[in-house]
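Engineer: Let me see the structure of the following:
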Amino acid sequence: IPNRRMKSILGKKRQVHTGIKRCVCEIMIISLSGCGVTEEGCASLASALRSNPSHLREVDLSNNDLKDSGVKLLSAGLGNHHCKLETLRLSGCLVTEEGCASLVSALRSNPSHLRELDLSYNHPGDSGVRLLSARLQDPHCRLEKLNVEHGGENTMKPGLRKYVCDLTLDPNTVNKLLSLSGENRKVTCRTEEQPYPDHPERFEFWRQVLCREGLTRRCYWEVDWSGSEAVIGVTYKGISRRGGGNDCGLGSIDKSWSLICSDNRYYAWHNNNSTTIDVPSSSSHRVGVFLDWPAGTLSFYRVSSDTLTHLYTFHTTFTEPLYPGFRVWYYDSSVSLCRVIPLSNTT
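Structural biologist: Down below sits the predicted model:
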């Protein structure tokens, strides 16, 4: 089932339970990453796993705030002898050692099918890791692949903001008509050139700047923009810096991806092709960016006081580190990297 269709079914939280029950009857693979699945949805999936016959072989629930209570419900289905599930992905689901204990109990009850378990970006603790690792050594358990990477207490923040990364603008890349301020976290377009020294990484014509950090994992950041227009994106480091050709512009080539922002209008831009994004009017000029480098996705969100509204997601295969970057073409327009506070609501 395409992820877009599943998201439509799960658009409202009270529809999650009904939507999952309707969709898991005879399918083998479900991908519900970042779809707002809650405990009620876990209960429905557990029911599907217990069904006779159970067709499900792969379930991806990553980036949902399931918590230990949701994992406990899911484990009740996983431990049933009718369950033939082979792959379960619970990356970034607020799971602690308590949830790990529920999964271990399920694997003891039904050890013959699950081969892959992804619990990365959770907080299993040493005891949870030991319990799960013991299943890998159990000759009666089919588990072959266990992922508990990038764990720790910092992953227990709700929503995408558990992946917050700290970024700074790189003075060696900034165009001379742009000024940096706020400890290199804000860029503003000016009428006069700034006295920057020549540097091979500096954008010669395009009014752009890149961040210092190259990203190859899950990362989330937010920016405030002001003025007529701003461009927010990522690129491989090899983007051209000389001249005014498209090979220098964020989103203008196949090695960079961007979101063009203006008042109540957004455009996704990649390889010189644009997609218009229709969203309700809002006064918010804050944009959230979520990069899942291993999965090959780059998502943009409009951020209001208590909600992340999905704007667009690029799907591809990334092959190099990605550098966040910004373009501010019009005078007095600016972009600022934000200090991010945890927030849970995503639409």
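Engineer: Within its sheet, name the partner strands of the host helix or strand of Val209 and how each one runs.
Structural biologist: Val209 belongs to strand 208-210 when assigned by DSSP states H and E. Next to strand 208-210 in the sheet, as set by DSSP bridges, lie strand 323-327 (antiparallel).
Engineer: Okay, now the sheet partners of the helix or strand following the partner strand, with direction.
Structural biologist: From strand 323-327 onward toward the C-terminus, using DSSP H and E, the following helix or strand is strand 334-337. The partner list of strand 334-337 in its sheet, established with DSSP bridges, is strand 186-189 (antiparallel), strand 218-226 (antiparallel).
Engineer: wait, which of these is closest to Ser120?
Structural biologist: Minimum separation from Ser120 across the strands paired with strand 334-337 (C-beta to C-beta) falls at strand 218-226, 8.8 Å. Quick note: C-beta positions are derived from backbone N, CA and C, even for glycine.
Engineer: in the closest one, what's buried?
Structural biologist: Arg218, Cys219, Tyr220, Trp221, Glu222, Val223, Asp224, Trp225 (16 or more other C-beta atoms under 10 Å).
Engineer: Dump those to TSV, plus distance to Lys84 and pLDDT.
Structural biologist: Shown next, in TSV, are the buried residues of strand 218-226 (distance: C-beta to C-beta, whole Å; pLDDT from 0 to 100):
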residue	distance to Lys84	pLDDT
Arg218	30	96
Cys219	35	97
Tyr220	35	96
Trp221	40	98
Glu222	42	97
Val223	45	98
Asp224	49	97
Trp225	49	97
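Engineer: Same list (these) but as a markdown table, adding distance to Ser240.
Structural biologist: What follows is the buried residues of strand 218-226, written out as a markdown table (distance: C-beta to C-beta, whole Å):
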| residue | distance to Ser240 |
| --- | --- |
| Arg218 | 28 |
| Cys219 | 24 |
| Tyr220 | 28 |
| Trp221 | 24 |
| Glu222 | 28 |
| Val223 | 23 |
| Asp224 | 28 |
| Trp225 | 24 |
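Engineer: Mind picking the two most distant members of these?
Structural biologist: Arg218 and Trp225 (23.2 Å).
Engineer: all helices of the stretch 151-300 of the chain, in order?
Structural biologist: Applying DSSP state H, counting those that start in this stretch to the stretch 151-300 of the chain gives no helices.
Engineer: Against Pro171, how distant is Arg302?
Structural biologist: Note on Arg302: its distance to Pro171, by C-beta to C-beta, to the nearest Å, is 29 Å.
Engineer: neighbour count winner among those two?
Structural biologist: Arg302 (23 against 16; other C-beta atoms under 10 Å).
Engineer: Checking the residue nearest to the more buried one when sequence neighbours are not counted next. Helix, strand or coil?
Structural biologist: The shortest distance from Arg302 to any non-neighbouring residue, by C-beta to C-beta, 6 or more residues apart in numbering, is to Thr309 (4.6 Å). What DSSP: H, G, I helix; E, B strand; the rest coil gives for Thr309 is strand.
Engineer: start the count at 44, not 1, going forward
Structural biologist: Sounds good: first residue 44 from here, last item Thr352.
Engineer: Enumerate every residue touching Thr352.
Structural biologist: By C-beta atoms under 8 Å, 6 or more residues apart in numbering, the contact set of Thr352 is Val322, Ser325, Tyr344, Arg345, Val346, Thr390.
Engineer: Could you turn the buried ones of the residues you listed into a PyMOL selection?
Structural biologist: Buried residues within these, by 16+ other C-beta under 10 Å, are selected in PyMOL with:
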select buried, resi 344+345+346
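Engineer: with the buried residues of strand 261-269 in mind, which one is nearest to Ser74?
Structural biologist: Using C-beta to C-beta, those come closest to Ser74 at Arg261, 16.4 Å.
Engineer: and the closest residue to that closest one other than its chain neighbours, what is it in contact with?
Structural biologist: Among residues not flanking Arg261 along the chain, Tyr206 sits closest, at 4.6 Å (C-beta to C-beta, 6+ apart). When contacts are counted by C-beta under 8 Å, 6+ apart, Tyr206 touches Gly135, Tyr164, Arg261, Cys262, Tyr263, Phe333.
Engineer: need these in JSON lines with distance to Ile296, can you?
Structural biologist: Formatted as JSON lines, the contacts of Tyr206 follow (distance: C-beta to C-beta, whole Å):
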{"residue": "Gly135", "distance to Ile296": "31"}
{"residue": "Tyr164", "distance to Ile296": "31"}
{"residue": "Arg261", "distance to Ile296": "24"}
{"residue": "Cys262", "distance to Ile296": "22"}
{"residue": "Tyr263", "distance to Ile296": "24"}
{"residue": "Phe333", "distance to Ile296": "22"}
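Engineer: Need the distance between the two termini of stretch 264-274.
Structural biologist: 15 Å (C-alpha to C-alpha, to the nearest Å).
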